[in-house]
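turn this into a structure:
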Amino acid sequence: MAGLYARGGGVVSPRLVTAQCDTILHRGPDDQGVMTDGDFGFGMRRLSIIDIEGGHQPFHSPDHRYALVFNGEIYNFRELRRELQALGRVFESAGDTEVILAGYERWGDDVWARLDGMFAVAVWDTHARRLTLARDPIGIKPLYYTDQAAGFAFGSELKTLTLLPGMAFDVDRRALHDYFSFGHVRTPRSIYAQVRTLPPGHVMTVEASGTPTMRAYWTPAYHPSEPRPEAAWIERFRDEWLDTIGKQMVADVDVGAFLSGGVDSSAVVAAMAQVSDRPVRTFTIGFPDPRFDESPHAEAIARHLGCHHVTRTLELADAQAMLPEVQHCYDEPFADPSAVPTWYVSQIAAQEVKVALSGDGGDELFFGYKRHATERRIGALPAPLRRLARALDAVPTLPSRHANAVLQRWRKTTGSVATRRSHGVRARS
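All right, here's what the predicted structure looks like:
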């Protein structure tokens, strides 16, 4: 999705918004929609997963006061739909897009905390001339924005912004330092000084004048564990796990999975096999060098679970050929070497399915690193010490080699606590 709010600076043309959306054709090849309203316009490139025919965007409220574009999927939309129907709402479509808009009309910004899913949403209020942006609590779906003299612009990727006339995009030196220190640009920065990402779990309001306002609608909460036997906890986890995977398989298109043979992806596929009434389609990338090739493990898991399995070997020439396209889609420096094989397996999977689950983020989800426990301890410190933690996290280098070593040990222990406290578990899509 993408949009521009000139905020009184002129009329936004449908052609410009269409050009923004065309830069992200790879994100949504199935459908396109654009709406303009004087000095505002937004649009969507859609990957149709739920309600193939009825989910066209932008989606309008019955009285046409509100319009919405939405990137993502809401897993509890059926429950919310029933709740809204009990309050008198009549629905015209069968998908999750209309449920979000109906919820926003009913509950305002309180709706975001009610959504169980991954999402980046933009709502335009034609009466108040107000734009509302919201992002899911974990930050699975991306949402960039820039606020300059030429207007306020937003989009799912940086390239939706950089084509806009009259705007400046200078490399952010601090972001560049982040990249060389951590291998990626940390939220809320982008590689450009004028562009930020809406932090996960936040909602932003942009009015016709004045500075946009932003607030968190969700923060992680820790609750003391109730005393239970270990077997009871295992059973509860199993029920929650199967329910979660089942919700993510809700689609009007075929759903598959990336399978590496490791614990995380194998656990996902095992749950899919339990809740599905047909063999799960799984996809694996192998490597020519047997020292790095884990495809035999994935094939063994696939046989055990009765999957329809596909394995392809990633050759050096394949990796070199796809690098320009990978770079084009990432938009900014990103030092994760798994980006190339993930891109390749996505291409293979796309020949058979439109949606694929993966095991990425398992360690973070289950607090598998010691720094997660450290983060919680630091979160319990008095405010002055928490500020010190954030200050140390922001120090690039120190003149003394010994002091620098101490600083690096701090960062290794805390895992950049200030950043993680701001947006919980990190994820990209």
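
how are the strands of the stretch 1-150 of the chain distributed by residue range?
For the stretch 1-150 of the chain, the strands defined by DSSP state E, counting those that start in this stretch cover 2-5, 31-37, 40-46, 59-60, 66-74, 117-125, 130-135, 144-148.

just put those strands in a markdown table and tack on mean pLDDT.
Below are those laid out as a markdown table (pLDDT from 0 to 100):
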| stretch | mean pLDDT |
| --- | --- |
| strand 2-5 | 98 |
| strand 31-37 | 96 |
| strand 40-46 | 97 |
| strand 59-60 | 97 |
| strand 66-74 | 97 |
| strand 117-125 | 98 |
| strand 130-135 | 99 |
| strand 144-148 | 98 |
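
want to throw those into JSON lines with mean neighbour count and distance to Pro224?
(C-beta placed from N, C-alpha, C; glycine too.) Formatted as JSON lines, the strands of the stretch 1-150 of the chain follow (neighbours: other C-beta atoms under 10 Å; distance: least, C-beta to C-beta, whole Å):
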{"stretch": "strand 2-5", "mean neighbour count": "29", "distance to Pro224": "43"}
{"stretch": "strand 31-37", "mean neighbour count": "18", "distance to Pro224": "47"}
{"stretch": "strand 40-46", "mean neighbour count": "27", "distance to Pro224": "43"}
{"stretch": "strand 59-60", "mean neighbour count": "20", "distance to Pro224": "42"}
{"stretch": "strand 66-74", "mean neighbour count": "24", "distance to Pro224": "30"}
{"stretch": "strand 117-125", "mean neighbour count": "23", "distance to Pro224": "27"}
{"stretch": "strand 130-135", "mean neighbour count": "22", "distance to Pro224": "29"}
{"stretch": "strand 144-148", "mean neighbour count": "21", "distance to Pro224": "38"}
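
distance to Ile52 for these - can I get that in TSV?
Shown next, in TSV, are the strands of the stretch 1-150 of the chain (distance: least, C-beta to C-beta, whole Å):
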stretch	distance to Ile52
strand 2-5	22
strand 31-37	9
strand 40-46	10
strand 59-60	14
strand 66-74	14
strand 117-125	18
strand 130-135	25
strand 144-148	28
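
closest one to Asp110 among these?
Among the strands of the stretch 1-150 of the chain, the nearest to Asp110 by C-beta to C-beta is strand 130-135 (11.2 Å).

who does that closest one touch, helix- and strand-wise?
strand 117-125, strand 202-206 (3 or more C-beta pairs under 8 Å, 6 or more residues apart in numbering; DSSP states H and E).

paired strands for the first one, with orientation please.
It stands for strand 117-125. strand 66-74 (antiparallel), strand 130-135 (antiparallel) (DSSP bridges).

could you dump those strands to a markdown table with distance to Arg387?
Below are the strands paired with strand 117-125 laid out as a markdown table (distance: least, C-beta to C-beta, whole Å):
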| stretch | distance to Arg387 |
| --- | --- |
| strand 66-74 | 34 |
| strand 130-135 | 25 |
